[in-house]
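Engineer: Provided below are the primary sequence and the corresponding predicted coordinates.
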Amino acid sequence: MAVDSLTILKLGGSVITDKDCPETVDDDALDSVVAAIADSGVATGDAGASAGDDGAAGLIVVHGGGSFGHVHAAEHGVSTTDGTHNPTAVTAIHGAMKRLNSVVVDRLQGAGVPAVPVHPLSTAARDAESELSLPTAAVAGLRAEGFVPVLHGDVVAHAGAGVTVLSGDELVTGLAERLNASRVGLCSTVPGVLDSDGDVIETIREFESVAAALGDSESTDVSGGMAGKVQELLALGSPAHIFGPDAVAGFLAGADVGTLIDGA
Ligand code: IP8
């Protein structure tokens, strides 16, 4: 399989942290998704069609903020649109995300996944029109050398606004477009996008038909909750899945899990 057989998996911050308890990792949940990633063989080239046989890792992991980044972002009034020029706010938000990232990377390494950290604050930026510049040389280079890059939602320079939040969802779509990912998955706390009866919606092709069912995120989340995720993935223009933690193994094995989002 060629180097461009790439899966991008986002671990939702609500999945891997206790969202109601500041800077607390949900150890059981994180260990369970880490085990699913390690067992899949996608990261290390043992998964047949899902991984590269040229030594390239077949996986990029992105994780969200949960009770790490979002708590500090809310405290400093920083969102994807409201910025700050306060350096202490920048290090508070970014520092929390680095702490979570280092836990995720350590757990993945402990399970045998060749995970390495990549911090968006050092590479990405938005212009005055909020257009994202996202250089991919580091991520692509690490992946080509067999490493699994692990990125995270972060704060990034934003022309005229100081820094604003860059969500993990935007990173996923940005990387998927630039690196031609073949599979994109967002692991959330729920088994898919739910309709107003609480049932998983199998397929979403445009936002309006599901807007009413998607309400706001219940806990502190400066980047839009489920509605934001669906909109990001519809904008991607290629198929993606939203699913719950129990479906990570199935997704990495190539199964159709949760909700298929296809805005193409
Ligand atoms: O949880 C946001 O990432 P997300 C990260 O993917 C910060 O929206 C810094 C709040």
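Structural biologist: Received it, and whenever you're ready, just let me know what you need. Since the structure is predicted, the reported quantities are computational estimates derived from the model, not experimental observations.
Engineer: Low-confidence ranges, the chain, go.
Structural biologist: Across the chain, the ranges flagged by pLDDT under 70 are 1-4, 45-53, 215-224, 237.
Engineer: Strands along that one, start to end?
Structural biologist: 7-11, 59-63, 115-117, 125-126, 132-133, 148-152, 154-158, 162-166, 183-187, 203-204, 240-243, 259-261 (DSSP state E).
Engineer: tell me the angle of the first one relative to strand 59-63?
Structural biologist: It refers to strand 7-11. 20 degrees (axes from the mean of the first three to the mean of the last three CA atoms, to 10 degrees).
Engineer: circling back to that earlier point, deepest-packed of the strands of the chain, please.
Structural biologist: Mean neighbour count, computed with mean count of other CB atoms under 10 Å, is highest for strand 59-63 among these, reaching a mean of 29. Yep, even glycine has a C-beta here, placed from its N, CA and C like the rest.
Engineer: hmm, who's touching that strand?
Structural biologist: 6-13, 16, 37, 42-43, 51, 100-101, 104, 108, 115, 139, 143, 148-153, 168, 171-172, 175, 179, 181, 252 (CB atoms under 8 Å, 6 or more residues apart in numbering).
Engineer: Help me see whether it makes contact with the ligand, please.
Structural biologist: No - on the criterion CB under 6 Å from any ligand atom, strand 59-63 is out of touch with the ligand, staying 7.4 Å away.
Engineer: so how far is that strand off the chain centroid?
Structural biologist: Distance, stretch centre to chain centre, for strand 59-63: 6 Å (CA atoms, centre = their mean, to the nearest Å).
Engineer: Sheet-wise, list the partners of that strand with their directions.
Structural biologist: strand 7-11 (parallel), strand 148-152 (parallel) (DSSP bridges).
Engineer: which residues are in contact with the last one?
Structural biologist: With contact meaning CB under 8 Å, 6+ apart, strand 148-152 is reached by 43, 57, 59-65, 69, 97-98, 100-101, 104-105, 108, 113-120, 138-139, 142-143, 168, 171, 175.
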